[in-house]
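*Asks:* Give me a model of this one.
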Amino acid sequence: MTKQQENKGAVPDKEKNFVSAVIYIYNDEERIRDFLGKINGVLNANFENYQIICVNDASDDNSLAVIREIGKSIAGTVINVVNMSFYQGVELAMNAGIDLSIGDFVFEFDNMVMDYDAELMMDVYHHSLTGFDIVNAAPKKCGRKTSRLFYTVFNRYSHSPHPLRTENFRVLSRRAINRVHSMSKTIPYRKAVYANCGLKIDTIEYDNDLSCTKAYDKETRHQRKEMAADSLILFTNVAYKMTLLAAVFMMVATFGIGIYTLVSYVYEDVVSGYTSMMLVIVFGFFGVFVILAVIIKYLSMLMELVFSKQKYTIESVETISE
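*Replies:* Next comes the predicted model:
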């Protein structure tokens, strides 16, 4: 056999790093087959060893049945399925999947909307090898006004070194995952924790098709609103500033009422005891509002430091292979 024939039949070198792909699934039966096929195709062509973890967030449709069917036909790896006990939202569900992952690098897919070329995965991965522990893939266009509003407010009041934006997927190094887990007991909003973990972060933008955007159902919209409110309270000073502003406003109002009471006592005929009663009320409420402002500050600090709620609840974990 000639050298040219040997080169022609040679198999391209694959990456030695073990990678995990964690995929969030909630009522996505129509997208699963195509999405998993593309993800597995990229991983199988570029990595010697990898795992795919599908996190089924108590889907109401046939998502789980479709995953089981596809898992038996996919060659090159096994598919782990994490079945959540009940609908818990993308953050807690993805935390469960990440805890199960064992890869040196972990791909996080928060949804199954593939408005990008599958090879973008490798662009993001190779970029992480240049010294970045977290690399995000972000669309250039964001179709939801509510998302733009949320990120504008969040970035304005969080003072984060890395402004947040809409992202489709990301790759994390094992060091980044270990760093994040060492920072807090639970991770209520991964993007915010990643942005403040102190490691190098970068974002790759891509041209996206807005027609691929997935519509959220009522339950998902409600959960996203709650997560947005919780994130603004935990990771920004919006709540503190709003409550402090309200307390200052009430303090000024009570101070104004106190001045009005003294002026009325001097220049007007008032009922006996009215002035002393109003002064007691005014200064009493003034002190209450000052104390409330201090308490609010301490509560905001405690909420930032302590996350005591349960992380997540898993019903079962399945391993599917051909």
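*Asks:* what ranges of the stretch 51-200 of the chain fall below the confidence cut-off?
*Replies:* 143, 185 (pLDDT under 70).
*Asks:* residue boundaries of the helices in it?
*Replies:* 63-71, 89-100, 120-128, 145-158, 174-183, 190-195 (DSSP state H, counting those that start in this stretch).
*Asks:* can you list the domains in this structure?
*Replies:* Following automatic domain parsing, the chain resolves into domains at 14-236+311-320, 238-305.
*Asks:* Let's have the helices of the stretch 51-200 of the chain in a markdown table, adding mean neighbour count and distance to Asp28.
*Replies:* (Each C-beta comes from the backbone N, C-alpha and C, glycine too.) What follows is the helices of the stretch 51-200 of the chain, written out as a markdown table (neighbours: other Cβ atoms under 10 Å; distance: least, Cβ to Cβ, whole Å):
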| stretch | mean neighbour count | distance to Asp28 |
| --- | --- | --- |
| helix 63-71 | 19 | 6 |
| helix 89-100 | 21 | 12 |
| helix 120-128 | 18 | 18 |
| helix 145-158 | 15 | 20 |
| helix 174-183 | 16 | 25 |
| helix 190-195 | 21 | 20 |
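*Asks:* Next, count neighbours for Leu234.
*Replies:* Leu234: 18 surrounding residues under other Cβ atoms under 10 Å.
*Asks:* what residues does the one helix or strand it maps to touch?
*Replies:* Taking DSSP states H and E as the criterion, Leu234 maps to helix 218-235. Contacting residues not belonging to helix 218-235 are listed as 26, 87, 89, 91, 150, 153-154, 157-158, 160, 188-189, 192, 196, 216, 238-239, 300, 303-304 [Cβ atoms under 8 Å, 6 or more residues apart in numbering].
*Asks:* ok, which stretches of the protein are strands?
*Replies:* 19-25, 50-56, 79-84, 105-109, 134-139, 169-173, 201-206, 314-320 (DSSP state E).
*Asks:* what about Val317, how many neighbours?
*Replies:* Should you count by other Cβ under 10 Å, Val317 turns out to have 12 residues around it.
*Asks:* ok, Thr261 touching Met277?
*Replies:* No. Assessed by Cβ atoms under 8 Å, Thr261 is found out of contact with Met277, at 9.2 Å.
*Asks:* circling back: kindly compare burial across the domains of the chain and name the winner.
*Replies:* Most buried of these, by mean neighbour count (mean count of other Cβ atoms under 10 Å): domain 14-236+311-320, with a mean of 17.
*Asks:* Run the chain-centre distance for that domain.
*Replies:* 9 Å (Cα atoms, centre = their mean, to the nearest Å).
*Asks:* State the distance spanning the first to the last residue of it.
*Replies:* One end of domain 14-236+311-320 to the other measures 24 Å (Cα to Cα, to the nearest Å).
*Asks:* repeat for stretch 93-113
*Replies:* 17 Å.
*Asks:* Could you tell me which residues make contact with Cys142?
*Replies:* Arg148, Arg165, Thr166.
*Asks:* Kindly present those residues as TSV, with separate columns for distance to Ala58.
*Replies:* Below are these laid out as TSV (distance: Cβ to Cβ, whole Å):
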residue	distance to Ala58
Arg148	30
Arg165	29
Thr166	25
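*Asks:* correct me, but Tyr24 touches Gly97?
*Replies:* Yes. In this structure, Tyr24 is within contact of Gly97 by Cβ under 8 Å, at 7.4 Å.
*Asks:* overlap in contacts of those two?
*Replies:* Joint contacts of Tyr24 and Gly97 (Cβ under 8 Å, 6+ apart) are Val55.
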